[in-house]
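J.: build the 3D model from these lines:
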Amino acid sequence: MNRARVVAFILSLSLLGCAEQQAQVAVQASLTALATGLAATDEAVADAWPDAAAEARAHAVREYAGDVESGLERYDVLMRPWTETVDALREARAALYLAQGGVTVWIESGDLPDGWEPLCAGVGLAVSALLELLQPLDLELPAAVPLLAGYATQACAAAGPWIAGR
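T.: As a prediction, this is how the structure comes out:
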């Protein structure tokens, strides 16, 4: 993914400097890379969902022909990994939006908002949970998707000196 390399290059350049503005750019670059990866993941899940649902439906009908309630329960069980993944995508996206809001506050006010550290940790946890849920799904994902947790970690690390300076 060429865009990921550009973002990584920008991030590494901005981490070389110690100016607050450069750190803000580094954090935003990491969050932008994370947003791009989440969008690609969302697209891959959305593309594969109809086939997974059709397969689960067919399996439930074969296994529980005539027993609608049991068939629906079986369908729910078979689709649970997919629904949990979609929920995790929403949670990761929500955490990303909160972090982007924190960066906006930092850029506009010059101060990281209170609660930045747990907010940043929340992004990392949400992304890690998503990556774990993606593993058993047989999806064709862009090469950058496994790097998502690293983007979250880089965003937190780039803001580190300004957290310590409080």
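
J.: phi first, then psi, for the residue of the chain positioned farthest from its centre.
T.: Ranked by distance from the centre of the chain (C-alpha atoms, centre = their mean), the top residue is residue 66, with 40.4 Å. Taking degrees, to the nearest 10, you get phi 90, psi -20 for the backbone angles of residue 66.

J.: what about residue 136, helix or strand, and which?
T.: In the assignment (DSSP states H and E), residue 136 maps to no helix and no strand.

J.: same check on the one 3 residues further on?
T.: Per DSSP H and E: residue 139 is located in neither a helix nor a strand.

J.: which helix in the chain has the most residues?
T.: In the chain, taking DSSP state H as the definition, the longest helix is helix 20-63.

J.: chain center to it: distance?
T.: Distance of helix 20-63 from the chain centroid (C-alpha atoms, centre = their mean, to the nearest Å) equals 7 Å.

J.: what is the subsequent helix or strand relative to it?
T.: Remark: after helix 20-63, the chain's next helix or strand is helix 68-109, criterion DSSP H and E.

J.: quick one: average pLDDT of that next one?
T.: What helix 68-109 shows for mean pLDDT is 92.

J.: just want the angle from that helix to helix 20-63.
T.: Going by axes from the mean of the first three to the mean of the last three C-alpha atoms, to 10 degrees, helix 68-109 is angled at 170 degrees with respect to helix 20-63.

J.: show me what helix 68-109 is packed up against.
T.: Contact here means 3 or more C-beta pairs under 8 Å, 6 or more residues apart in numbering; DSSP states H and E; on that basis helix 68-109 packs against helix 20-63, helix 116-134, helix 148-164. Every residue, glycine included, has its C-beta placed from N, CA and C.

J.: let's see it at 7 Å
T.: helix 20-63, helix 116-134 (3 or more C-beta pairs under 7 Å, 6 or more residues apart in numbering; DSSP states H and E).

J.: average pLDDT for the first one, rounded please.
T.: Averaging pLDDT along helix 20-63 gives 89.

J.: look up the closest residue to residue 120, ignoring the ones flanking it.
T.: residue 156 (3.8 Å; C-beta to C-beta, 6 or more residues apart in numbering).

J.: burial measure for the one you found, as a count.
T.: Neighbours of residue 156 under the rule other C-beta atoms under 10 Å: 19.

J.: I'd say it and residue 118 touch.
T.: No: contact between residue 156 and residue 118 fails when scored by C-beta atoms under 7 Å: they sit 10.5 Å apart.
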